[in-house]
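K.L.:
Below is the sequence, then the predicted model.
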Amino acid sequence: MSNNDFESKDLSRRSFLKSSGVILGTGVLAGSSASMADEAWPAARHALVRPQDIVLFQGDSITDSGRSRETAATPNEQKALGAGYAWLAGVELLVDRPKDELKIFNRGISGNKVFQLADRWQTDCLDLKPNVLSILIGVNDFWHTLTGKYQGTVEIYERDYHSLVERTRQALPKVRLVICEPFVLRCGVINEKWFPRFDAYQAAAQRVAGAFHATFVPFQAIFNQAVKYAPPEHWSKDGVHPSDAGASLMAQTWLRTVAGKE
């Protein structure tokens, strides 16, 4: 390989990391104005988030990310938003749009599956009356079948997910829905037992998004590109929960897909 080849490869790597808001080793948000290779980044859409919106992040531990329950009722509070992608995406929205009077909440709970979201949906979603609702759920619906903690199937996952979103549409007909792709990286606890069955859960989530014309955030697709620039362990130590770098990549993907951020 020539020196030019090495330089080209390194430039592509730096471009990806800069554009995704990731700095290797620190995982902090950086400027996101540089362009990323088209195949590695979802196309920016018209912003779903509008002035005075209530934005709600829902899901499991990836969304929860250690959020405070004591301050959960306070919008835009760092402790209440946790330390993951929801906080990183939320704080960038607040910084970019200081006059929009946005209210951002996180109601993710570690270990949750779709039916557990449904059990708490009135209090943790419908009563908040979000204008933008972002849901990331599905890893536990499959993972816990491997550990013997749950007897669910992909058919149950899709049925319950469809029912939950339909219930949401009926209660909040004007809500702008965001369905995030459940994802894993091939490291840590992720082994051959996950595939191809987990792929079916991802396809089910995408079908639910399509059925309700929701915006779909392609997390698995972006991580599949990310491992070309850094190993899976850089983005997630256990293959399920993102590292700081992984959370930053998720936040930038969410912002570009949902908030129209270039």
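P.N.:
Nice, I can see it. Numbers count the residues shown, from 1 in each chain.
K.L.:
Just the buried residues of stretch 59-73, please?
P.N.:
If you call a residue buried by 16 or more other Cβ atoms under 10 Å, then stretch 59-73 has these buried ones: Gly59, Asp60, Ser61, Ile62, Thr63, Asp64, Ser65, Arg67, Ala72. Backbone N, C-alpha and C define where each C-beta goes, glycine included.
K.L.:
now stretch 129-143
P.N.:
In stretch 129-143, the ones that count as buried by 16+ other Cβ under 10 Å are 130-143.
K.L.:
Equivalent analysis for stretch 102-116, please.
P.N.:
Neighbour count says stretch 102-116 has 102-109, 112-116 buried, by 16+ other Cβ under 10 Å.
K.L.:
Find the pair from these with maximum spatial separation.
P.N.:
Greatest spatial distance among those (Cβ to Cβ): Leu102 and Phe115, at 30.3 Å.
K.L.:
list the helices and strands the helix or strand encompassing Ile135 packs on?
P.N.:
Per DSSP states H and E, Ile135 falls inside strand 132-136. In this structure, strand 132-136 packs against strand 54-59, strand 176-180, helix 244-258, with contacts taken as 3 or more Cβ pairs under 8 Å, 6 or more residues apart in numbering; DSSP states H and E.
K.L.:
if we can go back for a sec, mind checking which of the buried residues of stretch 59-73 land in strands?
P.N.:
Among these, the residues falling in strands (DSSP state E) are Gly59.
K.L.:
Could you pull up the residues touching His241?
P.N.:
Contact analysis of His241 by Cβ atoms under 8 Å, 6 or more residues apart in numbering lists Ser61, Ile62.
K.L.:
Please pull out the lowest mean pLDDT helix or strand from the chain.
P.N.:
With mean pLDDT, DSSP states H and E as the measure, the helix or strand of the chain carrying the lowest mean pLDDT is helix 3-19 (a mean of 52).
K.L.:
how far away is Gly246 from Gln225?
P.N.:
Gly246 sits 13 Å away from Gln225, going by Cβ to Cβ, to the nearest Å.
K.L.:
same question, Val91
P.N.:
Val91 sits 24 Å away from Gln225, going by Cβ to Cβ.
K.L.:
Gly148 too?
P.N.:
To Gln225, Gly148 is 34 Å away according to Cβ to Cβ.
K.L.:
same thing with Pro182?
P.N.:
Using Cβ to Cβ, one gets 17 Å for the distance from Pro182 to Gln225.
K.L.:
who's more crowded, the two?
P.N.:
More crowded of Pro182 and Gln225, by other Cβ atoms under 10 Å: Pro182, with 25 against 18.
K.L.:
The more buried one sits in which helix or strand?
P.N.:
Pro182 belongs to no helix or strand, assigned by DSSP H and E.
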